[in-house]
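>>> Generate a structure from the sequence data that follows.
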Amino acid sequence: METDYLFNLLNDNPLLLLIAVTALAVAIYAVISGSLARRKMAEQNNVVKYRVDSLWKDINAWQASQFSSPVTANHQDANAGERYATEKSAYDAIWPLVWSLHDKLGMFLRAVESDDNTGELRLEARNAALEARKVLNRVRPFCHADIDELVTQLIDNHIKAHLAACHLMDLRKDSLASSSSHEMAVQKEKFHMLYDGQAKEMLNQLVTLIRRRMLSQGTSAGG
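The predicted structure follows:
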């Protein structure tokens, strides 16, 4: 009876059928697009992580070769070696925090993108940004100027993406507002541009700069 009533209702009101089909299509598109976005984000993170692992392997390999070379060791400039070690320690301190910030923000953005429960992800991403900025301020005197500037921009970029996602969450709570639909699209596009576009490029630049700086400085320190 209920099924017959439903079919009769749809036959008598084709507009209802059109709305139902449209809603189903939108829901299916949202699920597919969300899945593709998460997969793309994961692939990009894997590429950056591979480049970072390669960076530290190159630096460690260089250090091992210098240690095993008695000729180089005998002619090593002590001051240059100390400067190199101090600068490398600064990057050893800040890089894990930059990557942790990027990773935690990515998890938060994916949850917001899918309209899932963000739980503690929002606070964890915020705290990761504060910690990265605090440590950067501490090691800034020992970082090369270009790397210092790039890390500062990268942290600011992540903070802006975090704010855009938080704004989107607030707009969803107030979805009755007339402009909320457009604003939600704007904020969603904003954190995608910041995180998927600018942040990924800056991370790649940072890896390149640190590798170039460490290997060139290491050669100078090696004599």
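>>> Could you tell me how many residues sit around residue 116?
Residue 116 has 11 neighbours, counted by other CB atoms under 10 Å. (Each C-beta comes from the backbone N, C-alpha and C, glycine too.)
>>> right, I mislabeled it, should have said residue 170
Neighbourhood size, residue 170 [other CB under 10 Å]: 13.
>>> Could you say which helix or strand holds it?
Counting by DSSP states H and E, the element that carries residue 170 is helix 145-173.
>>> Tell me how many other residues surround the nearest residue to residue 143 once chain neighbours are set aside.
Among residues not flanking residue 143 along the chain, residue 90 sits closest, at 5.1 Å (CB to CB, 6 or more residues apart in numbering). A count of neighbours around residue 90, defined by other CB under 10 Å, yields 21.
>>> give the contact list for residue 90.
When contacts are counted by CB atoms under 8 Å, 6 or more residues apart in numbering, residue 90 touches 139, 142-143.
>>> Which of those has the largest number of neighbours?
Counting by other CB under 10 Å, top hit in those: residue 143 with 21 neighbours.
>>> just checking, that residue touches residue 87?
Yes - between residue 143 and residue 87 a contact is recorded at 7.0 Å, counting by CB atoms under 8 Å.
>>> ok so, going back, next secondary structure element downstream of the helix holding residue 170?
Counting by DSSP H and E, what follows helix 145-173 is helix 180-192.
>>> what angle sits between that following helix and helix 145-173?
Put simply, helix 180-192 runs at 160 degrees to helix 145-173, going by axes from the mean of the first three to the mean of the last three CA atoms, to 10 degrees.
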